[in-house]
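Undergrad: Below are the sequence and a predicted model; questions follow.
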Amino acid sequence: MKVLVTGAGGFIGGHLVADFLADGHQVLTADIKPIGEWHQVHPKADNWDWFDLSGEAECLLACSGQDQVFNLAADMGGMGFIETHKAECMLSVLISTNMLVAARERGCYGYFYSSSACVYAADKQRDPAVTALRESDAYPAMPEDGYGWEKLFSERMCRHFWDDYGFETRVARFHNVYGPKGTYSGGREKAPAAICRKVIEAVQSGALEIDIWGDGEQTRSFMYIDDCVDGIRRIMTSNVRDPINLGSSELVSINELVDVVEEIAGVTLNRKYNLTAPQGVRGRNSDNTMIVDRLGWAPSTPLRKGMEATYTSILGEMLADE
Ligand code: NAD
């Protein structure tokens, strides 16, 4: 199969490309970043860097001759980024729209869109002891401002391309993906990687102190990258037409996540709570009823195991940078 992975210089894209190559597929990758900034570079793929997929012409070029398209390109990051860059997040609609149009125009027979749990309505996520979110909870719509609106709009466009043109699309709503070879500093990092970095810094500096965004009682679930890649590929070969949750249902508070990383590092840190930092919704978990029913599968890597691999990888990268 000829496969196009966009956003391949990013975290999830890099892992997905590795998986396709391991299975012997022919992979074209594209990302706006110069190749020196990609999280993973796979020499067996045809890698197009500095390639801006906001433009229609670029999308048409990238989709030419491809069987399937996996669109993971987006201008995004953790809460610290999406709460302060709403316009940039919404401009990803140019990528989502032009990629969808181009994939259909070029006769690709499958299109995967990476949506997000940020599409879910804010009033369903006000309690740390949150009821896990079912796919139907995205409506009536009141998603995360900026980023979530773009995702919800693009999801619906995928649906209407199937309804109106018979162009087959698959949409997964990712819930907080983490793992090795992702962003852990610079402002776009997400909580698991940020906490690993902060714990490592606290140990290395000897300060034994950690800054936590919010009161640490906000809850989330975190999906390990291998489960995410497996889930993407299973969803793509399924007959699921509607957006589907792809996330872990192991709910933890941020304080509990810090407990896990402290245990891995073998330290106990003094916690300083920054109540004015971006925190996102109060509680969010993935209801996996639909993915279990439809695919007979759900993400399963325990948080402790996935965080150990993530911590080890970030520690290795930080030591190599010294
Ligand atoms: P990432 O930021 O690591 O990767 C996204 C990549 O897209 C980046 O390398 C970036 O350079 C590239 N990109 C941005 N604008 C581009 C453009 N105009 N043209 C070409 N490339 C462009 O993010 P990720 O964590 O790998 O996420 C992949 C997808 O999954 C995104 O659509 C994201 O919104 C979605 N998602 C991720 C998570 C998560 O927890 N990581 C959760 C929900 C949804």
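TA: Structure's in. What do you need?
Undergrad: Could I get the contacting residues of Ala30?
TA: Residues in contact with Ala30 (CB atoms under 8 Å, 6 or more residues apart in numbering) are Leu4, Val5, Thr6, Gly7, Ala8, Trp48, Asp49, Phe51, Leu53, Glu58, Ala62, Ala73. For glycine as for every other residue, the C-beta is placed from the backbone atoms N, C-alpha and C.
Undergrad: That one bridge partners, please.
TA: When assigned by DSSP bridges, Ala30 has beta-bridge partners Thr6, Trp48.
Undergrad: OK, contacts around the residue in the chain positioned nearest to the ligand?
TA: Proximity to the ligand, evaluated over the chain using CB to the nearest ligand atom, is greatest for Gly10 at 1.9 Å. The contact partners of Gly10, by CB under 8 Å, 6+ apart, come to Asp31, Trp38, His39, Leu72, Ala73.
Undergrad: can we see that at 7 Å?
TA: Taking CB atoms under 7 Å, 6 or more residues apart in numbering, we find Gly10 in contact with Asp31, His39, Leu72.
Undergrad: got a pLDDT number for it?
TA: For Gly10, the pLDDT comes out at 98.
Undergrad: of the contacts of Gly10, list those near the ligand.
TA: For the ligand, the contacts drawn from the contacts of Gly10 by CB under 6 Å from any ligand atom are Asp31, Leu72.
Undergrad: Give me the contacts around the worst-scoring helix or strand of the chain on mean pLDDT.
TA: Lowest by mean pLDDT, DSSP states H and E among the helices and strands of the chain is helix 79-82, with a mean of 92. Helix 79-82 is contacted from outside by Met76, Cys89, Glu144, Gly146, Tyr147, Gly187, Arg188, Pro278, Gln279, Gly280, using CB under 7 Å, 6+ apart.
Undergrad: Quick check: closest non-adjacent residue to Gly247.
TA: Excluding the flanking residues, the one nearest Gly247 by CB to CB, 6 or more residues apart in numbering is His175, at 2.5 Å.
Undergrad: That neighbour: neighbouring residues, count only.
TA: Around His175 there are 26 other residues, counting by other CB atoms under 10 Å.
Undergrad: Which positions in the stretch 101-250 of the chain make contact with the ligand?
TA: With the criterion set to CB under 6 Å from any ligand atom, the stretch 101-250 of the chain comes near the ligand through Ser114, Ser116, Phe174, Asn176, Val177, Thr183, Lys190.
Undergrad: Tell me the backbone dihedrals of the most centrally placed residue in the chain, please.
TA: A centroid search over the chain (CA atoms, centre = their mean) returns Val177, at 5.0 Å, as the residue closest to the centre. Torsion angles at Val177 (phi, psi; degrees, to the nearest 10) stand at phi -90, psi 140.
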